[in-house]
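Peer 1: Predicted coordinates and the sequence they were generated for:
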Amino acid sequence: MSKVIKSASDSAEEIIEWGESHDIDTCFERAEKLKQCPVGETGACCKVCHMGPCRLIGKNAEEEARGVCGATLPTVAARNMLRMIAAGTAAHSDHARDMAMTLLAVAEGEAKDFKITDVKKLYRVAGILEIEFEGRPVNDVAKDVATMFIEDFGRQKGAINYCKRAPKKTQERWEKWDITPRGIDREVVEALHRTNIGVDHEPDHLLTHGLKVALADGWGGCMISTDITDILFGTPRPIKAEASFGIFKEDEVNLIVHGHEPTLAEMIVDVSSEPEMVEYAGSKGAKGINIGGMCCTANEILMRHGIPTAGGFTNQELGIMTGLIDAMTVDVQCIMPAIAEVSKKFHTKVITTSEKAKMPGAVHVQYDEHRAKETAREIIRMACDNYPNRTTEGSHISQKAPLIGGFSHEYIEYMQGGKWRASFRPLNDAIMAGRIRGVVGLAGCDNPRVASTGIHKYLALELIKNDVLICSTGCGSAACATASYLTPEMALENAGPGLREVCEAIGIPPILHLGACVDNSRILTIASAMAHEGGLSDEIGGMPAVGIAPEWMSEKAIAIGAYFAASGVPCIFGGESPVGASKEVTKIMTDVWFERFMGALHFEPDPEKMLALALDYIDKARGNLKLRKYEPGKFGAERVLMDMAARREIEKAAAAHAGVGGINGSGN
Ligand code: SF4
Ligand code: MSK
């Protein structure tokens with residue numbers, strides 16, 4: 001029998017094999033043993049009341065199956081989808097709420113370990129929120145910004161603040177179909193109410209509310225989180241880093257930060273270089289302190305400090321199995337409880353830090369923003385104390401991959417014209433001319449039910465060969481990073497001729513790492529900027545752009561797919577559809593949503609079909625916009641892109657102007 005490949009990453013596969021030979025279970029073996037329930041997998045199971053669970057199966061289930069209460073299969077599937085969107089939205093948005101509360105605490109002088117790092121970004125956000133900022137103390141402006149964002153959670157009427165950032169036509173569609181979100185909490189609560197036994201039973205009505213909740217996530221939770229993180233810790237700009245298990249050091253204390261929240265991780269990075277901390281590590285026999293990341297906390301600190309990442313979701317147990325991690329802190333989301341179990345076989349200390357998330361088998365050190373640095377130092381000391389317990393046990397792996405990350409939407413704007421001419425014009429022109437065929441957001445998790453990271457890798461390569469520019473986020477970025485795909489050389493070696501030319505002219509890789517999963521909001525901002533720039537679609541819908549989450553597993557990914565669909569971006573998700581049992585629900589999420597919003601949510605397990613569908617959407621959008629037909633290597637006339645030399649000239653001129661800061665952040 002041929003061997004089943006569990007991960008498309010050689011180093012991950014090596015650790016999995018080492019684990020198998022040492023009787024250590026991981027998500028890969030558990031996924032193999034634990035087959036998915038075929039009823040639940042396709043959305044045909046309802047358990048919202050205790051007359052059930054009801055399984056709506058059998059011949060003609062779509063028309064004939066009924067739960068005890070009489071609910072039909074489309075109702076049950078639509079309810080299941082709405083609950084997934086609500087849960088995903090709640091996760092992102094609760095994270096955003098914490099960021100807003102931190103910003104408020106900083107502004108009020110209560111969180112003294114933090115500061116406003118990017119004042120230009122603060123002013124830019126204040127401008128969007130129509131908050132006066134000229135001549136006012138920075139903390140007063142920050143307080144008003146934080147307060148306005150906090151109001152977005154509990155607002156009962158009107159629209160969340162950032163809806164106005166979308167192109168007018170996109171907003172009009174939302175108004176027409178009544179999906180403009182009011183308050184984030186309100187939409188999530190209403191979703192839970194509607195899906196309670198005996199409330200909303202019409203599939204289309206349920207799913208329409210799903211889009212409203214999702215917009216509260218995209219233009220609320222995710223966008224608020226991205227912007228506040230930039231304000232507090234700096235707006236990312238291109239930065240070098242490394243990825244994969246080779247980032248762990250044999251002779252240093254390895255402390256890994258895992259989860260999603262950037263606040264404590266930022267403090268850990270900050271204090272890890274304090275002489276007192278380094279000395280402490282030395283007193284335990286280590287040559288230094290090595291901070292690494294995992295999942296999206298990794299993406300946050302990689303984007304701003306170049307801290308290396310050990311990879312995405314499926315790498316968490318494997319990281320511990322290297323035997324080299326002295327401590328792993330976890331905050332919230334995408335943390336497998338299995339890490340506490342696997343850590344028992346090694347010396348690794350798993351430390352939970354969020355008041356919302358504890359785990360049997362882990363040590364809890366409560367993060368408190370009022371004593372953030374002290375908490376960070378305490379954790380570093382714990383990691384150092386554990387260093388002498390390291391044994392030779394483990395699959396010590398040394399491969400690592402170089403990468404460039406840090407592509408905020410502000411930097412992408414800047415790189416197309418420098419400080420004074422920053423715009424999206426060159427990108428739009430390159431698309432119009434056919435040099436770039438279209439843009440794909442490659443996002444979402446990696447998944448042990450497929451050869452993990454393999455579909456990301458396949459699609460990334462095929463898309464850039466087809467002159468498609470990729471914006472990656474979350475574990476999609478981690479998958480590309482560990483495969484050495486996030487380098488400019490990728491363009492030379494693998495991109496189609498048009499995309500290669502653009503990448504060489506601007507000096508960017510063909511896959512732009514935009515950040516964590518909440519930073520999918522950056523893609524919404526980019527799409528809005530492209531619409532405002534002109535020459536393509538005047539709304540987000542109709543752009544030659546597609547979202548793909550080929551290995552998704554989290555409800556957060558579903559919320560993201562739904563907010564892209566509502567904003568006008570067709571999305572393709574891998575695996576079987578979680579509501580595939582109902583033809584009616586499937587049709588609403590594809591055909592009906594496309595007709596109303598020019599976005600859609602497809603599920604397609606076959607990677608080749610995913611690719612074909614994405615390219616088909618892109619080419620049809622090009623056709624509808626009457627752009628020249630995409631033909632590899634044949635381009636039309638377009639504006640000359642700004643090359644590096646020209647940009648340096650502009651920067652020299654910029655330097656002559658006193659009082660204007662660097663590019664770090666705010667664009668214009
Ligand atoms: Fe069954 Fe209806 Fe209860 Fe769902 S709500 S579990 S379909 S009885
Ligand atoms: S961490 S949501 S596995 S992308 Fe953001 Fe990765 Fe998916 Fe979690």
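Peer 2: Cool, the structure landed. Numbers count the residues shown, from 1 in each chain. Ligands and ions are numbered 1, 2, ... in the order given.

Peer 1: any idea of the mean pLDDT for the strand or helix carrying His95?
Peer 2: Here His95 is covered by helix 73-107, with elements defined by DSSP states H and E. Throughout helix 73-107, pLDDT has a mean value of 98.

Peer 1: Report whether that helix contacts ligand 2.
Peer 2: No: figure legend: helix 73-107 not in contact with ligand 2 (Cβ under 6 Å from any ligand atom); closest approach 8.3 Å. Quick note: C-beta positions are derived from backbone N, CA and C, even for glycine.

Peer 1: could you point out which element follows that helix?
Peer 2: Immediately after helix 73-107, counting by DSSP H and E, sits helix 119-128.

Peer 1: what separates that following helix from the chain centre, distance-wise?
Peer 2: 23 Å (Cα atoms, centre = their mean, to the nearest Å).

Peer 1: contacting residues around the helix or strand following that helix?
Peer 2: Going down the chain from helix 119-128, the next helix or strand is helix 138-154, by DSSP H and E. With Cβ atoms under 8 Å, 6 or more residues apart in numbering as the contact definition, helix 138-154 has outside contacts at 93, 96-97, 100-101, 103-104, 106-109, 116, 119, 122-123, 125-126, 129, 131-133, 160-162, 183-186, 220, 224, 228, 231.

Peer 1: buried subset of the residues you listed?
Peer 2: Buried by 16 or more other Cβ atoms under 10 Å: 93, 96-97, 100-101, 103-104, 106-107, 116, 119, 122-123, 125-126, 129, 131, 133, 160-162, 183-186, 220, 224, 228, 231, out of the contacts of helix 138-154.

Peer 1: which residues touch Leu324?
Peer 2: 248-250, 254, 390, 394, 396.

Peer 1: number of nearby residues for Ala559?
Peer 2: For Ala559, the neighbour count with other Cβ atoms under 10 Å is 31.

Peer 1: can you tell me how far the residue most central in space within the chain sits from ligand 2?
Peer 2: Note on the chain: the residue nearest the mean C-alpha position is Cys517, at 1.4 Å, using Cα atoms, centre = their mean. According to Cβ to the nearest ligand atom, to the nearest Å, Cys517 and ligand 2 sit 4 Å apart.

Peer 1: and if you look at Gly623?
Peer 2: On the measure of Cβ to the nearest ligand atom, Gly623 and ligand 2 end up 32 Å apart.

Peer 1: if I look at that residue, how far off is Pro544?
Peer 2: Note on Gly623: its distance to Pro544, by Cβ to Cβ, to the nearest Å, is 9 Å.

Peer 1: And these two? Which one has more around it.
Peer 2: Set side by side, Gly623 and Pro544 show more neighbours around Pro544, with 27 against 12, by other Cβ under 10 Å.

Peer 1: Name the nearest residue to the more buried one, sequence neighbours excluded.
Peer 2: Closest residue in space to Pro544, ignoring its immediate chain neighbours: Gly438 at 3.5 Å, by Cβ to Cβ, 6 or more residues apart in numbering.

Peer 1: who's in contact with that neighbour?
Peer 2: By Cβ under 8 Å, 6+ apart, the contact list for Gly438 reads 431, 468-469, 543-546, 615, 618-619, 621-622.

Peer 1: pLDDT at it, what is it?
Peer 2: 98.

Peer 1: Can you sort out which of the contacts of Leu324 also neighbour ligand 2?
Peer 2: Of the contacts of Leu324, not one also sits near ligand 2 (Cβ under 6 Å from any ligand atom).
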